[in-house]
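Student: got a predicted structure plus its sequence, pasted below:
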Amino acid sequence: MSDVEIHVKAACEKRLATLEEFEKRRYMVVGDLAIKTVEQAIEAAAALEGKHFHLQPRSAHSNRLRWIKEKFPSLSKDVDELWGAYGALGYASVNGERARKVIDAMERVLGEIERETRIRFK
């Protein structure tokens, strides 16, 4: 299995888990899983260019964010929404409205990466 395939498989599984947890009203984990989903999608797209952020764990998070915002500037707001909601959902367990926004942002990010790379996450 190639690097791209490994990250795509991880993103798909994490996406389904995110949606399942939302349906079960387990909002505290929705933010975490959505971020993990998007991180794997970013890794898959970056792997097409020979980039592997996960190989340098200390800088992986910041490098992923920098790369996605440079490569897909239109996704900057959605990426910020995801990371901003992490604390609100993970620690304050806000209602399902914020979790719904996170899922919508995750889906927009995945959709744009799919359109630009032809990788399929759904």
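Tutor: Right, received. Where do you want to start?

Student: CA only for contacts and neighbour counts going forward, please
Tutor: Will do.

Student: mind showing which ranges of the chain have poor pLDDT?
Tutor: Where the chain drops to pLDDT under 70, the residues are 86-95.

Student: got the residue ranges for the helices in it?
Tutor: Ranges of helices in the chain, per DSSP state H, are 3-23, 27-47, 57-71, 76-91, 96-117.

Student: just name the most buried of these.
Tutor: The highest mean neighbour count among these, using mean count of other Cα atoms under 10 Å, belongs to helix 27-47: a mean of 24.

Student: just the CA trace of that helix, in CSV.
Tutor: C-alpha atoms of helix 27-47 as CSV (Å, rounded to 0.1, in the frame of the first residue of the first chain):
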residue,chain,number,x,y,z
TYR,A,27,-19.9,16.0,20.6
MET,A,28,-16.7,16.1,22.8
VAL,A,29,-14.9,13.8,20.3
VAL,A,30,-16.2,15.2,17.1
GLY,A,31,-13.7,18.1,17.0
ASP,A,32,-10.8,15.7,17.7
LEU,A,33,-11.8,13.2,15.1
ALA,A,34,-12.6,15.9,12.4
ILE,A,35,-9.1,17.3,12.9
LYS,A,36,-7.5,13.8,12.6
THR,A,37,-9.5,13.2,9.5
VAL,A,38,-8.3,16.5,7.9
GLU,A,39,-4.7,15.8,9.0
GLN,A,40,-4.8,12.5,7.2
ALA,A,41,-6.4,14.1,4.1
ILE,A,42,-3.6,16.7,4.1
GLU,A,43,-1.0,14.0,4.4
ALA,A,44,-2.5,12.1,1.5
ALA,A,45,-2.5,15.2,-0.8
ALA,A,46,1.0,16.2,0.3
ALA,A,47,2.3,12.7,-0.4
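
Student: packing partners for it?
Tutor: Under the contact definition 3 or more Cα pairs under 8 Å, 6 or more residues apart in numbering; DSSP states H and E, helix 27-47 sits against helix 3-23, helix 57-71, helix 76-91, helix 96-117.

Student: in CSV: those, plus distance to Leu48.
Tutor: As requested, the helices and strands packed on helix 27-47 are exported to CSV (distance: least, Cα to Cα, whole Å):
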stretch, distance to Leu48
helix 3-23, 7
helix 57-71, 13
helix 76-91, 20
helix 96-117, 8
